[in-house]
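Enquirer: Predicted model and sequence below, questions to follow.
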Amino acid sequence: MLPGNTLADPALADDEAAYERPLFDVFAAIAARQPDHLAVDDGTTRLSYAKLRDRALALGARIAALVPADGLVGVAVPTSALHPVA
């Protein structure tokens, strides 16, 4: 892992239960604990955990409004700061 990567946070690394939880739940826990820390930097765009969470939730809400609950959705985005949003 890269230096400063919050997934290397000992609070998560030692928590075996974190490996049993959905990725979004683990991410949400990090975002709640460190909302202003850098989550994504693609060289052009920098997003804090709070901004990344907000963008992901907004995209999810837009998709949910357009697609039936049992519908399938594919999301294609170029490699950028938007990739983890999707």
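Expert: Arrived safely.
Enquirer: Do a quick rundown of the helices in this protein.
Expert: Per DSSP state H, the chain carries helices over the ranges 10-13, 23-33, 49-66.
Enquirer: Mind putting the ones you listed into JSON lines with mean neighbour count and mean pLDDT?
Expert: For glycine as for every other residue, the C-beta is placed from the backbone atoms N, C-alpha and C. Shown next, in JSON lines, are the helices of the chain (neighbours: other Cβ atoms under 10 Å; pLDDT from 0 to 100):
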{"stretch": "helix 10-13", "mean neighbour count": "11", "mean pLDDT": "51"}
{"stretch": "helix 23-33", "mean neighbour count": "15", "mean pLDDT": "86"}
{"stretch": "helix 49-66", "mean neighbour count": "14", "mean pLDDT": "90"}
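Enquirer: now those helices in a markdown table, with distance to residue 80?
Expert: A markdown table is the format used below for the helices of the chain (distance: least, Cβ to Cβ, whole Å):
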| stretch | distance to residue 80 |
| --- | --- |
| helix 10-13 | 25 |
| helix 23-33 | 18 |
| helix 49-66 | 12 |
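Enquirer: you'd agree residue 63 is up against residue 71?
Expert: No. In this structure, residue 63 is not within contact of residue 71 by Cβ atoms under 8 Å, at 9.1 Å.
Enquirer: Model confidence for residue 78, exactly?
Expert: Listed pLDDT for residue 78 reads 77.
Enquirer: Apart from its neighbours in sequence, what residue is nearest residue 27?
Expert: Spatially, and ignoring its direct neighbours in sequence, residue 27 is nearest to residue 53 (7.3 Å; Cβ to Cβ, 6 or more residues apart in numbering).
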